[in-house]
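**Student:** with the input below, show me the fold.
(one chain, ligands or ions: 1)
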Amino acid sequence: MQTMNRPVIRDATEADAWAVLALFSALHQFNATLDARFALADEWEKVLHDHLSHIRTAGHGITLIAWNDVTPVGLIMMDGHMDSPLFRHRRWAELLALYVTPAQQGDGVADELLCRGITWARGRGYVRVQLYVTSSNMRAKRFYARQGFVPVQEIWRRELGHTDVEPPDDVMCLAAYEHGHDLLSAHPHHLIIDDPHEETR
Ligand SMILES: CC(C)(COP(=O)(O)OP(=O)(O)OC[C@H]1O[C@@H](n2cnc3c(N)ncnc32)[C@H](O)[C@@H]1OP(=O)(O)O)[C@@H](O)C(=O)NCCC(=O)NCCS
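**Tutor:** Next up is the predicted model:
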């Protein structure tokens with residue numbers, strides 16, 4: 001649906017936390033309709049709040065909100081990611097979240113948010129941006145393809161059904177959170193953008 005005014009994109013301030021949480025929640029509610037395994041945890045708001053504070057202090061990521069007057073209508077979150085020292089090419093920018101409210105979809109807001117995110121990544125010296133997308137999220141995949149992203153790896157899943165055995169505590173959890181999703185995993189994620197050269201940083 002077209003709107004009269006172009007949304008204005010601004011860095012999210014601490015006072016905008018409510019808007020980030022609202023858009024992030026809407027994004028993940030949508031994601032959970034595609035795959036229930038991506039439902040947010042009970043304590044997600046605190047985790048996200050801590051993450052945003054950390055990003056703001058450390059300055060290695062950005063959170064932008066698109067505003068339609070006083071209504072938040074779009075969100076992008078990007079962060080610097082570093083893979084395990086196991087790997088030769090470790091640094092890349094991760095698109096952690098991209099969401100546009102249904103009424104604004106198709107209106108160019110996502111293009112503008114992504115453009116700002118990529119400008120940030122380039123400015124920080126990154127030569128690639130990567131992201132996760134649910135394989136059934138056809139609209140997002142079409143959008144990313146139009147933006148020059150290509151799939152480079154896939155997650156495959158096999159459900160194991162009920163078990164009485166508790167999984168072990170994830171001792172790497174905190175460190176993995178700092179460094180991205182998979183500190184020691186062998187897969188440097190799924191989508192890669194537009195520059196074949198590896199990172200120089
Ligand atoms: C993904 C998202 C940010 C894209 O923004 P958008 O404004 O909807 O994107 P656009 O309308 O510019 O582009 C979407 C493309 O998908 C197409 N499309 C629309 N509905 C579609 C559908 N049901 N199936 C497949 N493609 C579809 C559009 O025609 C367009 O393709 P085109 O550019 O080749 O014409 C937005 O849809 C969104 O926030 N979705 C919900 C959250 C989400 O999925 N976030 C990404 C998680 S990784």
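**Student:** other SSEs contacting the longest helix seen in the chain?
**Tutor:** Longest helix in the chain by number of residues (criterion: DSSP state H): helix 17-34. Packing partners of helix 17-34 (3 or more CB pairs under 8 Å, 6 or more residues apart in numbering; DSSP states H and E): helix 44-58, strand 61-68, strand 71-82, strand 91-100. Heads up, the C-betas are built off the backbone N, CA and C, glycines and all.
**Student:** make TSV from the ones you listed and add mean pLDDT, distance to the ligand and mean neighbour count to it.
**Tutor:** Shown next, in TSV, are the helices and strands packed on helix 17-34 (pLDDT from 0 to 100; distance: least, CB to the nearest ligand atom, whole Å; neighbours: other CB atoms under 10 Å):
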stretch	mean pLDDT	distance to the ligand	mean neighbour count
helix 44-58	91	16	14
strand 61-68	97	11	22
strand 71-82	97	8	22
strand 91-100	97	4	22
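**Student:** just to revisit the earlier point, which residues sit against the longest helix of the chain?
**Tutor:** If you take CB atoms under 8 Å, 6 or more residues apart in numbering as the criterion, helix 17-34 is touched by 12, 38-40, 44-45, 48-49, 52, 63, 65, 72, 74-75, 77, 97-99, 101, 134, 136-137.
**Student:** coming back round to it: right, and the helices and strands packed on helix 17-34 - which one's nearest G117?
**Tutor:** Nearest of the helices and strands packed on helix 17-34 to G117, taken as CB to CB: strand 71-82 at 4.6 Å.
**Student:** name the helices or strands packed onto that closest one?
**Tutor:** Where contact means 3+ CB pairs under 8 Å, 6+ apart, strand 71-82 is packed against helix 17-34, strand 61-68, strand 91-100, helix 109-123.
**Student:** how about the longest one: buried residues?
**Tutor:** Judged by neighbour count (16 or more other CB atoms under 10 Å), helix 17-34 contains these buried residues: A17, A19, V20, L21, A22, L23, F24, A26, L27, H28, N31.
**Student:** same question for stretch 141-154: list its buried residues.
**Tutor:** Applying a neighbour-count criterion of 16+ other CB under 10 Å, one finds K141, F143, Y144, Q147, F149 buried in stretch 141-154.
**Student:** mind checking how far stretch 87-102 is from the chain centre?
**Tutor:** 5 Å (CA atoms, centre = their mean, to the nearest Å).
**Student:** out of the buried residues of helix 17-34, who's nearest R56?
**Tutor:** For the buried residues of helix 17-34, the residue nearest R56 by CB to CB is A17; the value is 10.3 Å.
**Student:** contact partners of stretch 38-48?
**Tutor:** By CB under 8 Å, 6+ apart, the surrounding residues in contact with stretch 38-48 are V20, L21, F24, S25, H28, N31, A32, T134.
**Student:** put the alpha carbons of it into PDB.
**Tutor:** Written as PDB, here are the backbone C-alpha positions of stretch 38-48 (Å, rounded to 0.1, in the frame of the first residue of the first chain):
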ATOM      1  CA  PHE A  38      12.100 -19.900  15.600                       C
ATOM      2  CA  ALA A  39       9.700 -18.800  18.400                       C
ATOM      3  CA  LEU A  40      11.300 -16.400  20.800                       C
ATOM      4  CA  ALA A  41      12.200 -17.500  24.400                       C
ATOM      5  CA  ASP A  42      10.400 -16.100  27.400                       C
ATOM      6  CA  GLU A  43      13.300 -13.900  28.300                       C
ATOM      7  CA  TRP A  44      13.900 -12.600  24.800                       C
ATOM      8  CA  GLU A  45      13.200  -9.000  25.700                       C
ATOM      9  CA  LYS A  46      16.000  -8.800  28.200                       C
ATOM     10  CA  VAL A  47      18.400 -10.600  25.900                       C
ATOM     11  CA  LEU A  48      17.700  -8.200  23.100                       C
END
